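Peer 1: Generate a structure from the sequence data that follows.
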Amino acid sequence: MAHKLKGKKLSSKGLKGALARHKLQDSIDQKLSRAAEIESQNQQNKSKSITSKKPKSSNVNTNPLRGFNPFQNENTLLLIGEGDFTFAKSLISQNFIQPRNLIATSLDSRDDLISKYPGVQHTLETLQSSGVRLMHEVDATDLPRTLHLKQQRKKQAKLFPDGTQLDFIMFNFPHTGRGVKDQDRNIRDHQRLILSYFQNCKSVFEMVNSGVVAVAKDDFAGYHDTSINAGAGDDGFGKGKIILSVFEGEPYNSWGVKVIAKDQGYKVMKSGKFEWGMFPEYHHKRTNSTRDTTKPAAERNARLYVFEKKPTDAKDNHQNKKKKKNSDSDSDSDDE
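Peer 2: Numbers count the residues shown, from 1 in each chain. As a prediction, the model looks like this:
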């Protein structure tokens with residue numbers, strides 16, 4: 001069995017192949033680690049800058065914190081990594097997304113969810129009765145297969161029954177659930193998770209939004225694409241946006257989510273404060289247990305990032321500059 005990555009052919013047989021794979025993985029890890037360190041320092045500098053600009057008087061609030069809602073009601077959304085499905089419930093109850101336009105998924109099976117989260121069965125039934133499509137055992141690092149997307153010759157795969165294109169894929173507070181105590185190893189594990197998530201999102205957008213695509217799995221970071229029409233413009237996978245919500249501070253800053261996105265051809269379109277009060281039904285849980293997180297979620301600062309495909313020509317660059325000029329002050333810039 002052979003693997004292709006960046007034009008290099010590696011044989012898995014024998015000591016030579018094993019050493020070559022190990023060397024390549026080390027190179028990937030070092031690149032991500034260096035990039036994450038730079039981004040972490042940028043985040044710290046940004047935080048210090050904001051602190052130094054705060055008004056001296058505590059009675060004057062010249063820049064109140066605002067929640068960030070990236071959706072319009074008619075948008076279509078694929079929600080990855082739900083726990084007890086309370087975030088999906090909150091999206092519907094707050095009328096952020098129409099039920100028929102939402103597909104909410106979990107890594108756990110339905111039976112595991114019911115045994116793991118008290119009351120989840122009622123939540124699932126409420127969502128289903130409202131028109132939300134629920135899917136279980138969907139893996140963020142193996143999306144085309146676990147979403148059961150079928151490749152059809154000269155036809156796009158259907159995620160929605162009517163063939164509606166997909167606007168957003170969202171992963172709330174990604175976590176491996178492994179509880180690795182070594183911080184460096186923990187950071188690398190989450191970098192691989194996020195990298196694979198971006199790669200799989202690209203594959204889904206290509207299959208659902210632009211037509212014929214072939215995907216192949218490798219041992220290093222999930223899927224690499226061999227799509228016939230990869231690089232399509234706004235009528236293809238460029239239409240889809242990738243969303244991540246991430247806690248602020250360490251070790252999350254060191255994950256380097258913007259650096260990973262850039263490596264996969266995406267940039268920050270916009271970002272904003274994750275305001276817990278906007279999602280009153282949402283109960284943030286540990287990935288690997290039924291307990292709440294150590295510190296109440298509402299007391300933790302978090303940020304929501306929307307990533308878009310990088311422009312590839314002069315026209316796209318002009319549109320991007322115009323969009324950036326018209327965006328509000330809570331927007332985030334690309335390529336830190």
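
Peer 1: alpha carbons only for contacts and neighbour counts from here, please
Peer 2: OK.

Peer 1: And the strands in the protein?
Peer 2: For the chain, the strands defined by DSSP state E occupy 2-5, 8-11, 77-80, 102-106, 133-136, 168-172, 215-218, 222-225, 241-247, 266-273, 302-309.

Peer 1: Can you list the low-confidence ranges for the stretch 101-250 of the chain?
Peer 2: Residue ranges of the stretch 101-250 of the chain with pLDDT under 70: 151-154, 179-180, 211-238.

Peer 1: could you redo the last one with a cut-off of 80?
Peer 2: Counting by pLDDT under 80, the stretch 101-250 of the chain contains low-confidence residues at 151-155, 177-182, 210-238.

Peer 1: What pLDDT does the model give L32?
Peer 2: Looking at L32, its pLDDT stands at 72.

Peer 1: my guess is it meets Q191, correct?
Peer 2: Yes. Contact criterion CA atoms under 8 Å: L32 and Q191 qualify, at 7.4 Å.

Peer 1: any common contacting residues for the two?
Peer 2: Listed as contacting both L32 and Q191 by CA atoms under 8 Å, 6 or more residues apart in numbering are G256, I260.

Peer 1: that older thread, nearest to K150, of the strands of the chain?
Peer 2: strand 215-218 (11.5 Å; CA to CA).

Peer 1: Kindly export stretch 82-99 (C-alpha atoms) in PDB.
Peer 2: What follows is stretch 82-99, C-alpha atoms only, in PDB (Å, rounded to 0.1, in the frame of the first residue of the first chain):
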ATOM      1  CA  GLU A  82     -23.200  17.700  18.900                       C
ATOM      2  CA  GLY A  83     -23.300  16.300  22.400                       C
ATOM      3  CA  ASP A  84     -26.800  16.500  23.900                       C
ATOM      4  CA  PHE A  85     -28.100  18.400  20.800                       C
ATOM      5  CA  THR A  86     -28.900  21.500  22.900                       C
ATOM      6  CA  PHE A  87     -27.000  23.800  20.600                       C
ATOM      7  CA  ALA A  88     -29.100  22.600  17.600                       C
ATOM      8  CA  LYS A  89     -32.200  23.100  19.800                       C
ATOM      9  CA  SER A  90     -31.100  26.600  20.600                       C
ATOM     10  CA  LEU A  91     -30.500  27.500  16.900                       C
ATOM     11  CA  ILE A  92     -34.100  26.500  16.200                       C
ATOM     12  CA  SER A  93     -35.800  28.100  19.200                       C
ATOM     13  CA  GLN A  94     -34.000  31.400  18.600                       C
ATOM     14  CA  ASN A  95     -35.000  31.200  14.900                       C
ATOM     15  CA  PHE A  96     -31.400  31.500  13.700                       C
ATOM     16  CA  ILE A  97     -31.900  28.600  11.300                       C
ATOM     17  CA  GLN A  98     -35.100  27.100   9.700                       C
ATOM     18  CA  PRO A  99     -35.500  23.500  10.900                       C
END
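
Peer 1: all helices for the protein, in order.
Peer 2: For the chain, the helices defined by DSSP state H occupy 14-52, 86-93, 110-116, 120-130, 143-146, 183-205, 257-263, 314-326.

Peer 1: Show me the contact partners of the fifth one.
Peer 2: The contact list for helix 143-146 (CA under 8 Å, 6+ apart) reads E137, V138, D139, N200, C201, S203, V204.

Peer 1: measure the fifth one to E299 for me?
Peer 2: Read that as C201. Distance from C201 to E299, counting by CA to CA, to the nearest Å: 30 Å.

Peer 1: okay, the two: which has more neighbours?
Peer 2: C201 (24 against 8; other CA atoms under 10 Å).

Peer 1: list the contacts for the more buried one?
Peer 2: L143, I169, I242.

Peer 1: go with 10 Å
Peer 2: Going by CA atoms under 10 Å, 6 or more residues apart in numbering, C201 touches 140-144, 168-170, 207, 223, 237, 240-242.

Peer 1: now do L244
Peer 2: Shown in contact with L244 (CA under 10 Å, 6+ apart): 169-174, 194, 197-198, 257, 271, 303-307.

Peer 1: wait, which of those is closest to I80?
Peer 2: Here the nearest of those to I80, counting by CA to CA, is F171; it sits at 5.0 Å.

Peer 1: Okay, and the beta partners of the closest one?
Peer 2: I80, L244 (DSSP bridges).

Peer 1: picking that back up, please render the contacts of C201 as JSON lines that adds distance to L127 and neighbour count to the earlier fields.
Peer 2: Formatted as JSON lines, the contacts of C201 follow (distance: CA to CA, whole Å; neighbours: other CA atoms under 10 Å):
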{"residue": "A140", "distance to L127": "21", "neighbour count": "25"}
{"residue": "T141", "distance to L127": "25", "neighbour count": "21"}
{"residue": "D142", "distance to L127": "24", "neighbour count": "18"}
{"residue": "L143", "distance to L127": "22", "neighbour count": "22"}
{"residue": "P144", "distance to L127": "23", "neighbour count": "23"}
{"residue": "F168", "distance to L127": "19", "neighbour count": "23"}
{"residue": "I169", "distance to L127": "18", "neighbour count": "23"}
{"residue": "M170", "distance to L127": "18", "neighbour count": "23"}
{"residue": "M207", "distance to L127": "26", "neighbour count": "28"}
{"residue": "Y223", "distance to L127": "31", "neighbour count": "23"}
{"residue": "F237", "distance to L127": "28", "neighbour count": "28"}
{"residue": "G240", "distance to L127": "24", "neighbour count": "26"}
{"residue": "K241", "distance to L127": "24", "neighbour count": "23"}
{"residue": "I242", "distance to L127": "23", "neighbour count": "26"}
